[in-house]
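>>> show me the folded form of this:
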Amino acid sequence: MVKLNSVSKPVSPFETMEVEEADLRETTPGGVGTASDEVSRSVKSLVGVGKSGPIRPPTPFETVINVDERVRILDTDLAPWRMICALRMRGSNGAGAIGTGWLVGPRTLITAGHCVFSNNFFGGWASTIEAIPGLNGHGLESRPFGSIRSTEFSSVDRWTDVEDADFDIGCIHLTEDIGTELGWFAIGALSPIELESYLVNISGYPGDRGAGYEQYYNQNRILRVSERRVYYEVDTFGGQSGAPVWIHEEEGAPPLVVGIHAYGTGGTPRAFNITANSAPRIIPEVLEKIREWVEADGGWPEA
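Here you go, the predicted model:
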């Protein structure tokens, strides 16, 4: 167990709390939203389910591993793609960047820690972030649900104090409950044994394809699970940091986020002898922090 404290951008109303030990598998509820319940054709044809599928052999390439197998998602107005947001971050030093975030509650977005706090890039906390759900190209017509700006962010002390890659986790607090319409992801703290061999799905807004205006998706089998990270040979690029890493435990099961994408192949230990990108896992302590952030934003509606 690791003790985590929540850290919020100064002048934030969100308080810290200590983490209790959690030994059992834990999950939070997902939300379907009130927008169209049409089943996405992209989900039917692309999404990986369960623990089937071969492991592709390692390759020597960076981040986009071997052949680029990412596929553009066109029906971003449908679930779960509409629950994924393109991010436009701006620091007080004037620095700008793109990233990806995803809804975990009516007013709460989760992303990578370095999207909300970075000493090297922002000089500390980001000053403002625009979140654009289901962005699908250029122009206002490509923003099916508009956009929302926030200046309230949180992370954990292991990130803001020492930028520990295992805890590269951030939160964007919203002033509007956009998740009521769009829905939100369930999250799960699964053990390494439970996670082994699952097919993981990642979708976000890369800078190399679509310049952060188009959502791209890929899936592949988990290669390795460590105490705090999950490693996979899924193609990603800069701008997809913060994207949800989710599984479907069986056919027809809802998406369950188990990690937050943050690193390319350079973040994988050589000793593992694999070429893989990686995500900090949703471990029980992280799940507790996310619950805290959602509760600070008003919580989940009662079932």
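>>> E285 looks like it's in a helix, true?
Yes - assessed by DSSP: H, G, I helix; E, B strand; the rest coil, E285 belongs to a helix.
>>> and for it, the neighbour number?
By other CB atoms under 10 Å, the residues close to E285 number 20. All C-beta atoms are positioned from the backbone trio N, CA, C, and that covers glycine.
>>> I figured it hits E26, correct?
No - between E285 and E26 there is no contact under CB atoms under 8 Å: 10.6 Å.
>>> so who does the closest residue to G30 other than its chain neighbours touch?
Ranked by CB to CB, 6 or more residues apart in numbering and with sequence neighbours excluded, the top spatial neighbour of G30 is A186, at 3.4 Å. Contacts for A186 (CB atoms under 8 Å, 6 or more residues apart in numbering) come out as T27, T28, P29, G30, P254, P255, L256, V257.
>>> now which of these would you call buried?
Neighbour counting over the contacts of A186 (16 or more other CB atoms under 10 Å) leaves T28, G30, P254, P255, L256, V257 as the buried ones.
>>> could you export these as JSON lines, including secondary structure, pLDDT and distance to S154?
Putting the buried ones among the contacts of A186 into JSON lines (DSSP: H, G, I helix; E, B strand; the rest coil; pLDDT from 0 to 100; distance: CB to CB, whole Å) gives the following:
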{"residue": "T28", "secondary structure": "coil", "pLDDT": "91", "distance to S154": "16"}
{"residue": "G30", "secondary structure": "coil", "pLDDT": "93", "distance to S154": "21"}
{"residue": "P254", "secondary structure": "coil", "pLDDT": "95", "distance to S154": "25"}
{"residue": "P255", "secondary structure": "coil", "pLDDT": "97", "distance to S154": "23"}
{"residue": "L256", "secondary structure": "strand", "pLDDT": "98", "distance to S154": "22"}
{"residue": "V257", "secondary structure": "strand", "pLDDT": "98", "distance to S154": "17"}
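>>> and the pLDDT at the residue nearest to G30?
Predicted confidence (pLDDT) for A186: 98.
>>> the one 10 residues further on now?
E196 carries a pLDDT score of 90 in this model.
>>> what sits up against the lowest-mean-pLDDT helix or strand in the chain?
Least confident helix or strand of the chain, by mean pLDDT, DSSP states H and E, is helix 41-46 with a mean of 83. For helix 41-46, the surrounding residues in contact (CB under 8 Å, 6+ apart) are V71, I73, L74, D75, L78, P80, W81, Y217, Q219.
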